[in-house]
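Novice: For reference, the sequence and a predicted model appear below.
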Amino acid sequence: MRRIFGLVSIFLLLGSSSIWSMQTYAAHPAWDNQENEPPIGLVEPAYSLIDRYEHSEKVHLRINGDTFYSELKPVKVYETVMVPARDLFKKINMKIQFDQQSLALTASKSNTTLKFSLKSSIATANGKESVLPRIPFREQTSNRMFVPLRYTVESLGGTVKWDNKQKTAYVTLAK
C-alpha cells in the first residue's frame, strides 16, 4: 500500500510540475524567451497581441444619411462600434495628427480637439478627460487606428442610433 501511495505521489508531483511550467509560458504567449522584456516589435499587449479587427463583427455606418465607405469596415467589439479613425475624421472634415512617440492621435476642427491614445482608455475632448468604453486599437495588417464611434460623435455634439437588425449605426452630426 505504501509503495502504491509513493508511486501515485511521484506521478502527481511530476504531473503538477509540468502544469506549473506550462502556466508560466501561457501567461505571455508572445514571448519566446525567458527575459523580462517582450520581443522586439511588441509594444503593448493591450493592442498588439489580439487582432480585434479580424475577430470582430463587421457593421455598417451611415453619417447624416450617407453610407460610410472605408477600406476597413467599422467593427463591433464587445458591444462598442469601433471605426477607422483616419477615414472617419476625413469624412467629417477634421484634421488629424499622429504622434509616433506617444502613439496618440489628435483630431481637430474649428473649436473642437479630440485626443486618443493606443496606450490608454482615457480620451480628451477639448481638454476634458473621459474613460472610453474600449481602448483604441490598431488593425495589424494596415496599421490603422480604430476609435469608439459613440464617444467621438457625442464629443462633436452628434447622436448615434444603433439598429441591431440591420447591424448599422446611424450618425447625425451638425453640418
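Specialist: That came through fine.
Novice: contacts, neighbours, all on C-alpha from now
Specialist: OK.
Novice: and the next element down the chain from the lowest-mean-pLDDT helix or strand in the chain?
Specialist: Every helix and strand in the chain was compared by mean pLDDT, DSSP states H and E; the lowest is helix 45-48, with a mean of 46. Toward the C-terminus, helix 45-48 is succeeded by strand 57-58 as the next helix or strand (DSSP states H and E).
Novice: what's that following strand packed up against?
Specialist: Where contact means 3 or more Cα pairs under 8 Å, 6 or more residues apart in numbering; DSSP states H and E, strand 57-58 is packed against strand 75-77.
Novice: which residues does P133 contact?
Specialist: By Cα atoms under 8 Å, 6 or more residues apart in numbering, the contact set of P133 is T80, S121, P148.
Novice: Could you check how far the last one is from V160?
Specialist: Separation of P148 from V160 (Cα to Cα, to the nearest Å): 11 Å.
Novice: swap in the first one?
Specialist: Look at T80 and V160: by Cα to Cα, they are 12 Å apart.
Novice: What ranges does this structure have for its helices?
Specialist: Under the criterion DSSP state H, the chain contains helices at 2-26, 45-48, 85-91, 149-155.
Novice: Who does R138 form a beta bridge with?
Specialist: Counting by DSSP bridges, R138 forms beta bridges with M145.
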